[in-house]
Structure formats: structure tokens, C-alpha cells
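**Q** pasting the sequence and the predicted coordinates here, then a few questions.
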Amino acid sequence: MIRSFGLLLLILTQLDLCLAGWLDGWLSSGDADQPSLFGAAPGVVYTEAFACADNSAPHPLGLAKLNDGYCDCPSDGSDEPGTAACAEGKFYCEGPHWRAIGTGMLGDGICDCCDGTDEASFGLTECADTCDELQKAKTAQSRREALARAQGIAAIAKLVPKGAAKRAALLEKHNEERGQIEYIGKALEQIKQEMHDPATPAPRVQHLQHQYMAGKKQGSQWVSRHRRSQRLLQMPSDAFLGLVEDCVVSEAIDEKLIRGGAVTAIAKRYSFIVCPYDQVFQRWEDNQKWEHDTCVSEIGADNATGIITANETCTAKFAEANNDEIGPEQAGAIQHFCQEQTSKPEEIQQCINQQVAHHHRQREDKLRTVLGVYNDTLSQPAHQWVFNGYGERCSDGSQRQVNVTLVCGTDQASGKTGRLIHIAENGMCQYELKLMTPIACAPQRPKQLNSEL
């Protein structure tokens, strides 16, 4: 009996030592490259001195309370990386890819780790090992990114001389604008003096008042142009200037996908136009078709004959309004206006050309909404552009803002310098865009970009 008891005690002792060794190996591995606790972050070694990061539990917790199914560290779940006890817990997959997942995803029947360690320990789901496939996909992605970066750097090299030419033209334009502003300022001062001269006849004063208002408007336009050229001349690299005026136009988007869109029976379609380092517009596309279709819808024909009649009525209704040509009456008014401004034939013709161009611009402006102007203070030229201010306000009175995140790449198929790959509205008139452009492939030091290329 004593011998049997001794033999039993020996067996229990050996079993206890084996269990202790297994537990010690599980909790406290000596290999620094492997986690010391199931589900723990790589390289972290747990000891008896372990305590919660925020000291929310008694110090120390000790090894026995780790992965025991009770959350002692609710703020970060660091004591339970291998169980679902803590809402904030993180489980790190084993194998070559140390991916972190929420501990709530453990044993849920879905294989989240490429080697299946999130399910294997619970014995509920058998997961195939996809780590090799994942590695191949990552390698392929890395190669694609490297190719895109190489193509982007090559594209940037072409932008530098283009930008240098634009800088020279901008500098010339900048000086011309300054001269025009000074000239208009002096002219307005002379008009003002003559207007306030008691000897000036009343009809002449009235004419001078019109001239003064027109001059102020013209001066304001020159000041706006001057500010723009001054801002562009401050760009840190000619590569950035090489993109200026190369506006990128998105595909047309249904207005029901945009929070600021009106609720109409027939949805309008808008495109986004991003002009690098300048402005962002929203343009109403197919406006003539929308006007026609809305007109037909409002008539409400319910048979084939009625639909034909409605189509003819609406076509006739918008034929004149959609005509972009200037009619005889408007042409006569433009000529009369220009003849009042000057008597020189060449100046009259120049004035007429400007007024005709202004007419076409006004028509285009009716279809476009300025969402914002480039904000050089908030923007990072090679990473993210912010456009706000000076644009049309939203329907609720708030200011619009467009954030454009730049993604390294080139549009090899079209040969264009950029392509909008994502458009979303995260709040009323708060837009988030992603633009694929070679400028995002630039080195981190934009001021040295010219010399580096």
C-alpha cells in the first residue's frame, strides 16, 4: 500500500512538472521573436510582474490571471489577448504575418488569420493556410507600387521644365497685372475728381458714374488675377506648377449620391473638376437633357400621342434658351456699349471680343459651382490639397470644403496627368476626393525636387 501510494505520488509529481513546464512555455517563451503569451504582440514577454497599462487592476496581476477568461485590464485588454473576455482586446495572428484583430473575432467561425490561429485553438472551424497566397499578393502589390512610383518620378521629371516655362509666363503676367492695377487706380482717381468738380455737367457726371463702377469692377478682377499669380509663384517646385491648369474632370455622378443635391423627380448629374493648386468646381452635366426630360415629366403625358406632343412642346420651349449663339439684338447692344467706351476702331473690336467671351463665360458659369479655392496653409502640395473659401456657400449657409488626398500613380491609358478615383461627401458640402497623380510619387523634400530630378 505504501509502495503504491509512493508510486502514485511520483506520477502526480511528474505530471505536475510537465504541466508546469507546458504552462511556463506557453506564458514565458525565451524566444524574443515569438509572442510569450497566446495572441500577444510579437516580442512582448509576460512575467509575474505584469500589470495593466493604466494600473486599473492590482499590481502586479501575475501569470495566473493572464488569458484566464476574465478581463482585468478593460482599457486595453492586454491581460486577455487570447480570449474574447475584453472588448478592447487585440489578438495577434501567429505565423509570418503579425496581423492584429479584435479578440471578439476569436472562435467566431471566420478565418481572419492566414494560418487560422484565431480559430484553431477553439476547435470549431478548420481553416486553410493561406499565408503563402497572402505573401504572393503582397509581393505583387509591392511590385505594382514600385512600378507606379517609377512611372510617377519619370512623369514628374517632365513636369519640371513645363512648370519652369509656366513660372516665367506667370512672372510676366504678374508684372502686367500690377501695371494694370496701378493704371486703373489712377484712372479711377481722375474720374472721381471730375465727378466731384462742380463745373462738370450733370449728364457728364452720370456717364462718369457708370465709368467709375465699371472701372472698379474691372480693377477687382485684375486684383483677383494678381493674387492668384502671386500665390502660384510661391509654389516650392516647378514640378507643382507643371500641373497648374491641367484640370482633372470626374465622370458624371447622380446628384442623389451627393447630400447637397436637390430632391427632384429626375436626378441631375454632376462632374467634379479639380484644377491643381487653384480651384475645385462642380459642373452640371447634360443640363439641356435634364430640362427637357423634366418638362416632359411635368406635363405628365400618359399615352404615346401625349408623349410625342410633350416632347415637341419641350423641345420648342428650350430651343432658344439653349442656343449658345449671340442673337442680332444682343450683338447690337454689345456694339453700342463698346462704341460708348471708345472711338478707336481697334479698341471697339477688342471690346466686342471681350464681351462675347464674357457671354460664353457667363453661360458656362451658370452650370458650374465653385466649391473652394486652394488653401496653401492647410495643404501639403505632394500629399493632400484643401480647397475652401471664396466658393459658393451650401444651401444651409455653411462653407463648402474639398479635401483631395493624392495617390501615387499615372493614367498610362489616357496619358492625362491625373484621374479621380474616389468621390464621397462625408457631411453637408464636405467632400472627400482621391486623385491619382504622379506628384504624389515625389520625394519628401519638395523644395529640392527640381535639383533631385
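**A** Sure, I can see it. Numbers count the residues shown, from 1 in each chain.

**Q** residue contacts, the residue lying closest to Lys158 once chain neighbours are set aside?
**A** Closest residue in space to Lys158, ignoring its immediate chain neighbours: Gly242 at 7.6 Å, by CB to CB, 6 or more residues apart in numbering. Every C-beta, even on glycine, is put in place using the N, C-alpha and C of the backbone. When contacts are counted by CB atoms under 8 Å, 6 or more residues apart in numbering, Gly242 touches 158-163, 166.

**Q** with distance to Ala100, neighbour count and pLDDT as extra columns, can I get those residues in a markdown table?
**A** Rendered in a markdown table, the data for those read as follows (distance: CB to CB, whole Å; neighbours: other CB atoms under 10 Å; pLDDT from 0 to 100):
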| residue | distance to Ala100 | neighbour count | pLDDT |
| --- | --- | --- | --- |
| Lys158 | 42 | 14 | 90 |
| Leu159 | 40 | 24 | 90 |
| Val160 | 42 | 19 | 91 |
| Pro161 | 47 | 14 | 93 |
| Lys162 | 45 | 17 | 93 |
| Gly163 | 43 | 24 | 92 |
| Lys166 | 47 | 22 | 93 |
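
**Q** determine which two of those are furthest apart.
**A** Lys158 and Lys166 (13.1 Å; CB to CB).

**Q** after the host helix or strand of Ala169, which helix or strand is next?
**A** Per DSSP states H and E, Ala169 falls inside helix 131-195. Using DSSP H and E, the helix or strand that follows helix 131-195 in sequence is helix 202-233.

**Q** for that next one, name the packing helices and strands.
**A** Counting by 3 or more CB pairs under 8 Å, 6 or more residues apart in numbering; DSSP states H and E, the packing neighbours recorded for helix 202-233 are helix 131-195.

**Q** ok, Leu433 to Gly62 distance?
**A** The gap separating Leu433 from Gly62 is 53 Å, by CB to CB, to the nearest Å.

**Q** more neighbours: these two, which one.
**A** Leu433 (23 against 13; other CB atoms under 10 Å).

**Q** return the distance of the helix holding Ala169 from the chain's centre.
**A** 18 Å (CA atoms, centre = their mean, to the nearest Å).

**Q** now it against helix 202-233, angle please.
**A** Helix 131-195 runs at 150 degrees relative to helix 202-233, counting by axes from the mean of the first three to the mean of the last three CA atoms, to 10 degrees.

**Q** tell me which other helices or strands helix 131-195 touches.
**A** Using 3+ CB pairs under 8 Å, 6+ apart: helix 131-195 touches helix 202-233, helix 238-241, strand 401-408, helix 449-452.

**Q** just these: most buried one?
**A** helix 238-241 (a mean of 24; mean count of other CB atoms under 10 Å).

**Q** number of residues surrounding Ile184?
**A** 18.

**Q** residues contacting it?
**A** 215, 218-219, 222 are the contacts of Ile184 under CB under 8 Å, 6+ apart.

**Q** please report the distance of it from Gln206.
**A** Distance from Ile184 to Gln206, by CB to CB: 21 Å.

**Q** what of Glu291?
**A** 40 Å.

**Q** also Asn175?
**A** 36 Å.

**Q** what segments of the stretch 301-450 of the chain are strands?
**A** 368-374, 384-388, 401-408, 419-427, 430-437 (DSSP state E, counting those that start in this stretch).

**Q** name the residues that touch the longest one?
**A** In this case it means strand 419-427. 248-250, 253, 257-260, 272, 274, 407, 409, 411, 431-437.

**Q** if we go to 10 Å?
**A** Contact with strand 419-427 is made by 248-251, 253, 257-261, 270-274, 394, 398, 401-405, 407, 409-411, 413, 430-437, as judged by CB atoms under 10 Å, 6 or more residues apart in numbering.

**Q** that strand: how far from the chain's middle?
**A** 6 Å.

**Q** and for stretch 128-139?
**A** 31 Å.

**Q** do stretch 41-51 as well
**A** Distance, centroid of stretch 41-51 to centroid of chain: 41 Å (CA atoms, centre = their mean).

**Q** skipping adjacent residues, who's closest to Cys73 in space?
**A** In space, Cys73 is closest to Cys52, 3.7 Å off (CB to CB, 6+ apart).

**Q** distance of the one you found relative to Tyr46?
**A** 12 Å.

**Q** and these two? which has more neighbours close in?
**A** Per other CB under 10 Å, whichever of Cys52 and Tyr46 has more neighbours is Tyr46, with 22 against 19.

**Q** neighbours of Ile423, how many?
**A** Count around Ile423 with other CB under 10 Å applied: 18.

**Q** next: the one 3 residues further on.
**A** The local packing of Asn426 (other CB under 10 Å) involves 9 other residues.

**Q** okay, now the domains of the protein?
**A** For the chain, the structural domains run 25-129, 155-452, going by automatic domain parsing.

**Q** lowest-confidence stretch among these?
**A** Mean pLDDT is lowest for domain 25-129 out of these, coming in at a mean of 79.

**Q** any chance of the helices and strands packed on helix 131-195 in TSV, with distance to Ser297 too?
**A** Below are the helices and strands packed on helix 131-195 laid out as TSV (distance: least, CB to CB, whole Å):
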stretch	distance to Ser297
helix 202-233	40
helix 238-241	46
strand 401-408	32
helix 449-452	53
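
**Q** what's the closest of these to Thr139?
**A** The nearest among the helices and strands packed on helix 131-195, by CB to CB, is strand 401-408 at 18.2 Å.
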